[in-house]
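S.K.: Provided below are the primary sequence and the corresponding predicted coordinates.
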Amino acid sequence: MCGIVGYVGKNKAAPLILEGLKRLEYRGYDSAGVAVWQDGGFTVAKKIGRVANLEPEVAKLRLSSSYGMGHTRWATHGGVTDANAHPHVSSDGKIALIHNGVIENYASIKKFLAAKGYTFKSETDTEVLCNAIAYHYAKEPAPGDPTESRFVTAVRKTLRHAEGTYGIVVMAVDAPGELVTARKGSPLILGIGDGESLVASDVAAIVSRTQNVVYLKDGEVAHLTPKNFTITTLAAADVSPVIDKVTWSISDAELNGYAHFMEKEIFEQPQALENTMRGRFSEDGSTAQFGGLNISANEFRSYERFQFLACGTALHACMVTEHLIERFARVPVECDYASEFRYRNTPLDPNTLFFTMSQSGETIDTLAAMREAKRKGYKVLAVNNVVGSTIAREADGGIYQHVGPEVGVASTKAFTSQLLIGAMLALYIGRMRDLSFSDGTEIVQALKGAPDLVRTALKQADHIRGIARRYAHHRDMLFLGRMTLFPVALEGALKLKEISYIHAEGYPAAEMKHGPIALISEHCPSVFFVSSGEMFNKVVSSMQEIKARKGQIIAVCTDGCKLPEGLADEVIPIPECHEAVLPIVATIPVQLLSYYIAVELGRDVDKPRNLAKSVTVE
Ligand code: M6R
């Protein structure tokens, strides 16, 4: 949830840390702070608000140190204040700490430390952890012990008593040029550079310095110096690190002329879809193939149920996938909120294969649900965008999305890529069962055409911007669709509310008359998804019910639909397409509509209030 970056090397640390924090700001933006080791002590600057607010404070300090760390916060314990911002320094001035996660037993640790004379300036669990490290650091029998091991040992001892989740970076005042970092449940990546070492909660903060990275695992503690790094476990066993290469470069995480990352990522979708499907169709062109499932075709065929788990936008992609698998493969599929599944103890068919979907691969609710399924003996495959993420590593196998970094908090290209993977999975499973060769080839052709259809849909951008201007003043909106377009309606409503703060709800179009219709008046417009085919007349009837109550209608409508004259106040045409591709293409107009409405209202599109890109706390 929070952004973390640490640096030890030969260059000035503060500018590098600030640059890293800006790239991580989408992870949390309630406050930001920096601490460097300078002149034998810590110099700390922290400020509520964005990294931009912090920059002048840091500039005033004229920091020359090449050793430090920084943090962007998404508040959990304690309000949004300068005092609660990270880094925290222990009351004896010996230890500085930044932290992502929640220390659940902080109250009892705090009580213990207070009795020992430690004092606290903030309301945070992080400051408690910081003082606990200082306590163990002070207690170590120093004589004869190298400072390095004393420092690492103190962190290990503290963490053995810490319940909850953490990704931390620690500095000790008498260990200049060293960082200790550890994780449990919150991602951390080491960057191994030329005479410099970095640690960050996301590759985006590292990739401008080095493409050589090590993904730290839960329960590991790393010790970094400019020229070296070692990893041990909490039990002090040595770990042999695996150095991975990041495949994308810094320009992938830059705006490149767009006003916002969300806008850039919407327009990147044709290319993103091409990247997602590259090399994933069989030579005979009748089915999909995936490299990393780690499950043989025979085993796949033996499953009689599929269970999908995810949160937010990714769950909407799972809901479309459910529909397509049931349609193409005739196998029952369940979708669940990961956060609910984990605690509900649902009776499960033993012949069930699990899937999780998560752009970040770090969403704690999804991760915990996956662990619960695995604990019960089920295999779990993961669909993720972030390579090396915790969910990707812990899953039995999976499918990477390959859409590059998604920086905007509102998910766009990751969603359509998940829809594409869902359709490919449905095809793959269908072709193992009753789906014919010719149906398979038709679906493959349709999926291959998706990038061009999305390009066509994107051409409506100016038209949609005009609609956005006309509707931005409304306070409520409904999004209505049927079949695969119902989850797209949910996604449209989520997009609008998260970046514009307009209240929006998604419903199956026919369900609207069972309650939400009470909201309809000239002040509550409805966005309808209309496609030609079996549902057309029924959706038109729902539109008429809205019109009869003076509700305005924006219709996202496939070219082949002939809507009754005057029924829709606004029409956004999309190309006719195969049902496997329709949800992808129908999503584009509502992404653009939400984006332009948010811009019209002057919202902070890429960093909407109260949100963060990946939610790593429960
Ligand atoms: O990284 P994940 O895909 O697991 O994230 C899941 C949700 O937090 C995410 O989709 C969220 O709903 C987005 N802000 C939606 O735009």
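M.R.: Good, I have the coordinates.
S.K.: neighbours around the residue nearest to residue 167 when sequence neighbours are not counted, how many?
M.R.: Leaving aside its sequence neighbours, residue 167 sits nearest to residue 186 (CB to CB, 6 or more residues apart in numbering; 3.2 Å). (Glycine included, C-beta is placed from N, CA and C.) Neighbourhood size, residue 186 [other CB atoms under 10 Å]: 27.
S.K.: show me what contacts residue 186?
M.R.: 1, 100-101, 165-167, 201, 362, 616 (CB atoms under 8 Å, 6 or more residues apart in numbering).
S.K.: which among the residues you listed gets closest to the ligand?
M.R.: residue 362 (6.6 Å; CB to the nearest ligand atom).
S.K.: so how far is residue 502 from the closest residue to residue 48 other than its chain neighbours?
M.R.: What sits nearest to residue 48 in space, not counting adjacent residues and going by CB to CB, 6+ apart, is residue 31, at 4.4 Å. For residue 31, the distance to residue 502 (CB to CB, to the nearest Å) stands at 27 Å.
S.K.: which of those two has more neighbours?
M.R.: Shown here are residue 31 and residue 502; by other CB under 10 Å, residue 31 has more neighbours (26 against 20).
S.K.: does the more buried one touch residue 84 like I think?
M.R.: Yes. The pair residue 31 / residue 84 is scored as a contact, 7.2 Å apart, by CB atoms under 8 Å.
S.K.: in the stretch 151-300 of the chain, what residue is nearest the ligand?
M.R.: residue 262 (9.3 Å).
S.K.: and that residue, helix, strand or coil?
M.R.: The three-state assignment at residue 262 reads helix, by DSSP: H, G, I helix; E, B strand; the rest coil.
S.K.: run a quick check on it versus residue 605, I expect a contact.
M.R.: Yes. Between residue 262 and residue 605 a contact is recorded at 5.1 Å, counting by CB under 8 Å.
S.K.: tell me where the stretch 151-300 of the chain has strands.
M.R.: 166-172, 179-184, 189-192, 197-200, 212-215, 220-225, 228-233, 238-239, 244-245 (DSSP state E, counting those that start in this stretch).
S.K.: which other helices and strands contact the third one?
M.R.: In this structure, strand 189-192 packs against strand 197-200, strand 212-215, with contacts taken as 3 or more CB pairs under 8 Å, 6 or more residues apart in numbering; DSSP states H and E.
S.K.: swap the cut-off to 10 Å and go again
M.R.: strand 3-8, strand 179-184, strand 197-200, strand 212-215, strand 220-225, strand 228-233 (3 or more CB pairs under 10 Å, 6 or more residues apart in numbering; DSSP states H and E).
S.K.: alpha carbons of the second one, as CSV, please.
M.R.: Below are the C-alpha coordinates for strand 179-184, written out as CSV (Å, rounded to 0.1, in the frame of the first residue of the first chain):
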residue,chain,number,x,y,z
LEU,A,179,20.3,-0.8,5.1
VAL,A,180,18.5,-3.8,6.6
THR,A,181,15.2,-4.7,4.9
ALA,A,182,12.7,-7.5,5.6
ARG,A,183,9.3,-8.5,4.4
LYS,A,184,6.2,-10.5,5.4
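S.K.: quick one: strands adjacent to it?
M.R.: Strand 179-184 sits in its sheet next to strand 166-172 (antiparallel), strand 220-225 (antiparallel), going by DSSP bridges.
S.K.: tell me the mean pLDDT for it?
M.R.: Averaging pLDDT along strand 179-184 gives 96.
S.K.: chain center to it: distance?
M.R.: Here strand 179-184 shows a centroid-to-chain-centroid distance of 21 Å under the convention CA atoms, centre = their mean, to the nearest Å.
S.K.: that one versus strand 228-233: what angle between them?
M.R.: 30 degrees (axes from the mean of the first three to the mean of the last three CA atoms, to 10 degrees).
S.K.: show me which residues of the protein sit near the ligand.
M.R.: 311-314, 358-360, 363, 366, 409-411, 494, 498, 611, 614-615 (CB under 6 Å from any ligand atom).
S.K.: next, the angle strand 166-172 makes with the helix or strand where residue 129 lies.
M.R.: Assessed by DSSP states H and E, residue 129 sits inside helix 125-139. Here helix 125-139 points in a direction 40 degrees away from that of strand 166-172 (the same axes, to 10 degrees).
S.K.: before we move on, back to that, for the residue of the stretch 151-300 of the chain closest to the ligand, which non-adjacent residue is spatially closest?
M.R.: residue 408 (3.6 Å).
S.K.: likewise residue 162?
M.R.: Using CB to CB, 6+ apart, the closest residue to residue 162 is residue 103 (5.4 Å).
S.K.: what bits of the stretch 101-250 of the chain have low per-residue confidence?
M.R.: 140-148 (pLDDT under 70).
S.K.: and the strands in the stretch 451-600 of the chain?
M.R.: So, for the stretch 451-600 of the chain - with DSSP E, counting those that start in this stretch - the strands run 476-481, 503-508, 526-530, 553-558, 570-574.
S.K.: got a markdown table for the ones you listed, with mean pLDDT and distance to residue 119 too?
M.R.: Output for these, formatted as a markdown table (pLDDT from 0 to 100; distance: least, CB to CB, whole Å):
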| stretch | mean pLDDT | distance to residue 119 |
| --- | --- | --- |
| strand 476-481 | 97 | 49 |
| strand 503-508 | 96 | 44 |
| strand 526-530 | 97 | 55 |
| strand 553-558 | 98 | 58 |
| strand 570-574 | 97 | 60 |
